[in-house]
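>>> structure, please.
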Amino acid sequence: MHILIIEDEPKTGDYLQRGLRESGFSASLARNGRDGLHLASEEEVDLVVLDVMLPRMNGWEVLAQLRACEATAQLPVLFLTARDEVQDRVRGLELGADDYLVKPFAFVELVARIRSLLRRAPVREDELLSIGDMDIDVVKRTVRRQGRPVVLTAQEFKLLHLLARRQGQVLSRALIASTVWDMNFDSDTNVIDAAIRRLRRKLDDPFPLKLIHTRRGMGYVCEAAPEPGA
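Okay, the predicted model is just below:
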């Protein structure tokens, strides 16, 4: 499960990110409301931990825009803030927050509330994905092309699942690194490119229709379309 933390206080943000990762989650961190809103729409996020008092866009505004967008309307949001007034808690809940935790807090309570919200959250992904002649069974974690099974490792399946869920969207190396490997992208490493090559050997090389395409200087996209200029 991937948690997005939107928190501008450096020590608190770093503490939350480190603690959630040690608790078995993947976690990314935004330092202001505008960046947080962008990451919520770009990353595969399962829950948002959202501070209210943020630079560039406050938590109320972030929550309102999350609820106004179809892609993030059902995304669980936990307010984590020093504001303890009743009217602030009521305002957050009326705007669509799923829970409200006041600072200072016990980290074990935060984790318990996150797990509770994730159990209640609706399943947001399709069980079956189809692109061209490829069929992906998300529940069984199987892949077929032209009816033939394609055997992938767990990491390869996770990479393909990300690309397939964002069919037609160009995904940057930074986004792939943070979502699939839970790491910051280093332009000097070839981890992402090597993983794409391994996936292509299994998924694309044996078949005439190519599904994984490179967009030079931008990233990778999965779609049943020819390469530009092909």
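>>> chain center to the helix or strand of the chain with the lowest mean pLDDT: distance?
Least confident helix or strand, the chain: helix 86-95 with a mean of 74, by mean pLDDT, DSSP states H and E. Mean C-alpha position of helix 86-95 versus that of the full chain (C-alpha atoms, centre = their mean, to the nearest Å) differs by 26 Å.
>>> same question for stretch 104-121.
Here the centre of mass of C-alpha atoms in stretch 104-121, compared against the chain's by C-alpha atoms, centre = their mean, lies 18 Å away.
>>> which outside residues touch that stretch?
Outside stretch 104-121, the residues within contact range by C-beta atoms under 8 Å, 6 or more residues apart in numbering are 1, 3, 16, 19-20, 23, 25, 46-47, 49, 74, 76, 78, 80, 98-99, 101. The C-beta positions use only the backbone N, C-alpha and C, and glycine is treated the same way.
>>> check stretch 32-46 too.
Outside stretch 32-46, the residues that touch it by C-beta under 8 Å, 6+ apart are 1-4, 6, 8, 28, 30, 48, 50, 54-59, 61-62, 65-66, 69, 71-72, 75-76, 118, 121, 162, 165, 175, 178-179.
>>> now it - C-alpha only, PDB.
Extracted in PDB, the C-alpha atoms of stretch 32-46 (Å, rounded to 0.1, in the frame of the first residue of the first chain):
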ATOM      1  CA  ASN A  32       3.400  21.800   0.000                       C
ATOM      2  CA  GLY A  33      -0.200  21.500  -1.000                       C
ATOM      3  CA  ARG A  34       0.300  22.100  -4.700                       C
ATOM      4  CA  ASP A  35       3.000  19.400  -5.000                       C
ATOM      5  CA  GLY A  36       0.900  17.100  -2.900                       C
ATOM      6  CA  LEU A  37      -2.200  17.500  -5.200                       C
ATOM      7  CA  HIS A  38       0.000  16.800  -8.200                       C
ATOM      8  CA  LEU A  39       1.500  13.600  -6.700                       C
ATOM      9  CA  ALA A  40      -2.000  12.400  -5.700                       C
ATOM     10  CA  SER A  41      -3.000  12.500  -9.300                       C
ATOM     11  CA  GLU A  42       0.200  11.100 -10.700                       C
ATOM     12  CA  GLU A  43       1.200   8.300  -8.300                       C
ATOM     13  CA  GLU A  44      -0.600   5.100  -7.500                       C
ATOM     14  CA  VAL A  45      -1.800   6.300  -4.000                       C
ATOM     15  CA  ASP A  46      -3.900   4.300  -1.600                       C
END
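>>> buried stuff in it?
Residues of stretch 32-46 classed as buried by neighbour count (16 or more other C-beta atoms under 10 Å): 32-37, 39-40, 42-46.
>>> for L128, state which of the residues you listed is nearest.
Using C-beta to C-beta, E44 is the member of these that lies nearest L128, at 17.8 Å.
>>> from L4, how far out is that closest one?
E44 sits 10 Å away from L4, taking C-beta to C-beta, to the nearest Å as the criterion.
>>> strands along this structure, start to end?
In the chain, the strands defined using DSSP state E lie at 2-6, 26-30, 47-50, 77-81, 99-102, 128-131, 134-137, 142-145, 148-149, 212-215, 219-222.
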